[in-house]
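Chemist: generate a structure from the sequence data that follows.
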Amino acid sequence: MASNTTFQKRQKERARLDKQREKSEKMKLRREQPSARSTCEPGVDPDIAGIIPGPQPILEDQ
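Modeler: Take a look at the predicted model:
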């Protein structure tokens, strides 16, 4: 039974390393590609860009 446990541990460790390798490759690709959010004008907060202050129009569905 001890050899079976060792084999399972090796498989688990190999799967963990493969997953970690895939994750690091995805992170590398994301860093290389330009972000879609960086298309805003400089000095404008992208979280509030396009928001109109004041009362909002009433929706007809309500």
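Chemist: next one: the strand or helix carrying residue 31 to chain centre, how far?
Modeler: Secondary structure from DSSP states H and E places residue 31 in helix 2-32. Centroid displacement of helix 2-32 relative to its chain, using C-alpha atoms, centre = their mean, to the nearest Å, is 19 Å.
Chemist: with stretch 46-62 instead?
Modeler: Offset of stretch 46-62 from its chain centre (C-alpha atoms, centre = their mean): 28 Å.
Chemist: cool, stretch 43-61 as well?
Modeler: When C-alpha coordinates are averaged (C-alpha atoms, centre = their mean), stretch 43-61 and its chain have centres 26 Å apart.
Chemist: low-confidence regions, this structure specifically.
Modeler: Scanning the chain for pLDDT under 70 picks out 1-2, 35-40, 62.
Chemist: swap the cut-off to 90 and go again
Modeler: In the predicted model of the chain, residues 1-5, 32-54, 56-62 satisfy pLDDT under 90.
Chemist: can you give me the distance of residue 50 to residue 42?
Modeler: 16 Å (C-beta to C-beta, to the nearest Å). Heads up, the C-betas are built off the backbone N, CA and C, glycines and all.
Chemist: and for residue 30?
Modeler: In terms of C-beta to C-beta, residue 30 sits 22 Å off from residue 42.
Chemist: looking at these two, which one has more neighbours?
Modeler: For residue 30 versus residue 42, neighbours defined as other C-beta atoms under 10 Å are more numerous around residue 30 (9 against 5).
Chemist: quick one: the more buried one from residue 23, how far?
Modeler: 11 Å.
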